[in-house]
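> Show me how the following folds:
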Amino acid sequence: MEILGIDVGFGFTKAYNGKNSVIFKSLIGDATDIQFRSSLGEDTSTSSLHISLDGKSYFLGNYAELQSSITEYTLDQEKLIEDFVKIMAVTAAGICSDTEGPLNVVTGLPVGFLKRDSRRFKEVIKGVHEISFHSADGSHTTRQIHIDKIHVIPQPIGSIFNLIFDEFGKIKDKNLARQKLGVVDIGFKTTDFSIFDHLQYIERGSSTMDTGISKCFSVIANKLRQESGVNIELYRIFKFIESGMVKIKGREYNITNLKKRVYTHAASAIASDLNRLWENDWDMDTIILSGGGSIPLAEYLSPLVDGNVIPIKKNIDARFNNVQGYCKFGHYKWGGSVQESKPKPSEKPASPDSPDKAPPSPPPSEPGDSQNRNGQAKGLAWLRRQNKS
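Model prediction:
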């Protein structure tokens, strides 16, 4: 049994199995015939992502952005579940997974959609799926991805599990596990707020707000359209944000100052929502910033938050915080062993945007392990019982 964390987001799809990780844009394009292929350029597992599933062929991620005549992405939750989740999740599982056997998957949904969409999410990806991965030389590899069990949790809690659990599903930070924790998970479309008190999820202080990083991108795109007359798709702005320069039809536009103003406004809106939502939770011990949107907004948001905010480490990719936590929780829930990498001769290397993370050696058993496990079980019993599958 292999345990896999999967996170299908509006901006990016991520997967992690304790060893391998993958990330690609949640972007679908039509598969077209490529008349000429160069051996130069990036050559990773996601650089030329061409798959066939359910009798249809697609380009995904950056490959769709570069090569497809028609591309599709969404900021609509209903459309994400209906049209994107299966394609993205099965593809991510096929790239990340090493096993031919059943997979147990942990995933997450925004707090505001958890009750409504958990059942449908599981129905969409559960079962045996036949997927073909097409190579640039015209060959293809077909795999059967068997998703056996699925557990859906509130999305931001993955970031807490990533800090509290080790790779084997055991508590490694007992001090943090005893605290009252708040998570601010800033995604592409939404920002999720959650509270976790002594391993108990607090519904009262958990909510989803429509204040993701895409709103910032929309403001920047609209300003550029006014100045250049060109509509820039939101998913294409990623590459320009860090440099602060956008070249349109040979002319460079400096968006550095605009970016700062937009981020400052977005951080103020998120902080206002957070301080209002958690007004009565003055006993919060620690606040965790997570999600891909937290990377650019952290420096603007942290000073506005009332409380002890854990700074985002510079040497990690915050986009993986939730999906790594999902995988760790899967080991807590189902047990099993951390996967070892099994490279195959035909496999391409992992994307540089999603470096492999080698698992630590299993810790030796200690006399108190059983008691610790029992303590964890009491605190997390509510979550283990939810949406059993």
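> strand partners of the longest strand belonging to the chain, parallel vs antiparallel please.
Across the chain, the longest stretch assigned as strand under DSSP state E is strand 140-154. Paired neighbours of strand 140-154 in the sheet (DSSP bridges): strand 103-109 (parallel), strand 127-134 (antiparallel).
> That one: what's the following helix or strand?
helix 157-164 (DSSP states H and E).
> Just the endpoints, please. Distance across stretch 92-101?
With Cα to Cα, to the nearest Å as the measure, the first residue of stretch 92-101 is 16 Å from its last.
> no wait, stretch 30-46
First-to-last residue span, stretch 30-46, Cα to Cα: 16 Å.
> ditto for stretch 241-254
End-to-end distance of stretch 241-254 (Cα to Cα): 10 Å.
> So what touches it?
217, 224, 227-228, 230, 232, 237, 240, 255-256, 259, 296 (Cβ atoms under 8 Å, 6 or more residues apart in numbering). All C-beta spots, glycine's among them, are computed from the backbone N, C-alpha and C.
> can you pick the most crowded of those?
Counting neighbours by other Cβ atoms under 10 Å, the top entry in the contacts of stretch 241-254 is F217, with 23 neighbours.
> Please report the distance of that residue from Q324.
25 Å (Cβ to Cβ, to the nearest Å).
> ok, back up a step: for S52, which of the strands paired with strand 140-154 is the nearest?
With Cβ to Cβ as the criterion, S52 lies closest to strand 127-134 of these, at 4.2 Å.
> Sort out which residues of that closest one are buried, please.
Of all the residues in strand 127-134, those buried under the rule 16 or more other Cβ atoms under 10 Å are 129, 131, 133-134.
> Tell me the one among those nearest to G101.
For the buried residues of strand 127-134, the nearest to G101 is H129 (14.1 Å; Cβ to Cβ).
> per-residue pLDDT, that closest one?
For H129, the model assigns a pLDDT of 96.
> which residues touch L274?
Contacts of L274 by Cβ under 8 Å, 6+ apart are 182, 184, 193, 305.
> What count of nearby residues applies to the last one?
Pointing back at V305 there. Applying other Cβ under 10 Å, I find that V305 has 18 neighbouring residues.
> Pretty sure it sits against W278.
No. Counting by Cβ atoms under 8 Å, V305 does not reach W278; the two are 9.4 Å apart.
> Now do the SS call for N280.
Following DSSP: H, G, I helix; E, B strand; the rest coil, the label given to N280 is coil.
> how many neighbours does it have?
N280, neighbours per other Cβ under 10 Å, totals 8.
> could you measure it against L199, distance?
In terms of Cβ to Cβ, N280 sits 20 Å off from L199.
> quick one, strands of the stretch 201-350 of the chain?
245-248, 251-254, 286-290, 309-310 (DSSP state E, counting those that start in this stretch).
> before we move on, what about the stretch 51-200 of the chain?
56-60, 71-72, 103-109, 127-134, 140-154, 180-186, 191-197, 200-209.
> Of those, which is nearest A15?
Across these, closest to A15 is strand 103-109 (Cβ to Cβ), at 9.1 Å.
> so which of the strands of the stretch 201-350 of the chain comes closest to H151?
strand 286-290 (19.4 Å).
> Find the pair from the contacts of L274 with maximum spatial separation.
So, those by Cβ to Cβ: farthest apart are F193 and V305, at 11.2 Å.
> shared neighbours of those two, anything?
By Cβ under 8 Å, 6+ apart, the residues touching both F193 and V305 are 184, 274.
> Kindly calculate the angle that the longest helix along the chain makes with strand 286-290.
In the chain, taking DSSP state H as the definition, the longest helix is helix 256-277. Put simply, helix 256-277 runs at 140 degrees to strand 286-290, going by axes from the mean of the first three to the mean of the last three Cα atoms, to 10 degrees.
> Now helix 256-277: buried residues?
258-259, 262-263, 266-267, 269-271, 273-274, 277.
> who's in contact with the spatially closest residue to L297 that is not a sequence neighbour?
Nearest non-adjacent residue to L297, counting by Cβ to Cβ, 6 or more residues apart in numbering: A267, 5.3 Å away. Neighbouring residues of A267 by Cβ under 8 Å, 6+ apart: 297, 300-301, 304.
> circling back to that earlier point, tabulate the buried residues of strand 127-134 (CSV), appending distance to R119.
Shown next, in CSV, are these (distance: Cβ to Cβ, whole Å):
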residue, distance to R119
H129, 19
I131, 23
F133, 29
H134, 33
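> Can you tell me which of those residues lies closest to D54?
H129 (8.1 Å).
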